[in-house]
Structure formats: C-alpha cells, structure tokens
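Enquirer: Structure here, sequence nowhere to be found:
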C-alpha cells in the first residue's frame, strides 16, 4: 500500500463510502480504485488527485497533504546514485535489499531522520 492509497482508503472508510460507489462517482472502475489503494498502480495523475480532493471536500492543508502523498506514492522507485558518495550508493542498495524486512517504527524513524535533516539549516555553525 502506498501513502496515498492508505489515505484515500482512510477517508473513504471514515465516511462510510463503499469502493464501488466512490469508483462510480469518480468515473473509474472499482478495480482501478482498489489497485490505487493497494499500491498496485503507479502515481495517480494530478487531475485525478484533484478529483479526490473535491470528492472528499479537502481544501488548504488537507488538499496539499494528499497531493504530497500522491507525489510520494510511486510503488516502484529508481534511485540514481551516480556521482554521489559511496555511502549514498550503499544506503540505496541496503534499502532496496532490506526494506521489506523493516518494521513500521524503523521505517518511520528513517523518514523522520531524513525530514529533520531537510529542515535543518545547512552551513557552518558558529
């Protein structure tokens, strides 16, 4: 399951909407919506993400969050480490080999570490 698929499923279930009804309302097949929720389809198109935001009445921060989740939800990722450090290549390969064995807490820790490093100012500290 992708972060986007998980969020769509959560929104649908919170509102008591059956997948078949939502699919019909959005003009897609139940099979497509199911595959999207379960991460068996690629990243959804921006127009479809907007449709989902409209469908659930998501605005402002909620809409931005689901758009961000959609961008982060491609189930097959290629990591190009050409020109990067040996450690970057090692990390990419270790993740590729081991990601299926990592528990949710460890995955969340890795995500949080990367996010915290992105928000930390770079440069010398005096």
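Expert: Sure, I can see it. Note that the coordinates shown come from a computational prediction; the quantities given were computed from them, not determined experimentally.
Enquirer: Setting aside sequence neighbours, what's the nearest residue to residue 37?
Expert: Spatial nearest neighbour of residue 37, excluding adjacent residues (C-beta to C-beta, 6 or more residues apart in numbering): residue 5 at 4.1 Å. Any C-beta I mention is one placed from the backbone N, CA and C, and that applies to glycine too.
Enquirer: Any idea how many residues pack against that neighbour?
Expert: Counted with other C-beta atoms under 10 Å, residues neighbouring residue 5 total 23.
Enquirer: The helix or strand it falls within - what's its average pLDDT?
Expert: Residue 5 belongs to helix 3-14 when assigned by DSSP states H and E. For helix 3-14, mean pLDDT rounds to 92.
Enquirer: quick one: contacts of it?
Expert: 1, 19, 22, 33, 36-39, 43-44, 49, 52, 56, 65-66, 69-70, 72-73 (C-beta atoms under 8 Å, 6 or more residues apart in numbering).
Enquirer: Recalculate using a threshold of 7 Å.
Expert: By C-beta atoms under 7 Å, 6 or more residues apart in numbering, the residues outside helix 3-14 that reach it are 19, 22, 36-39, 44, 52, 56, 66, 69-70, 72-73.
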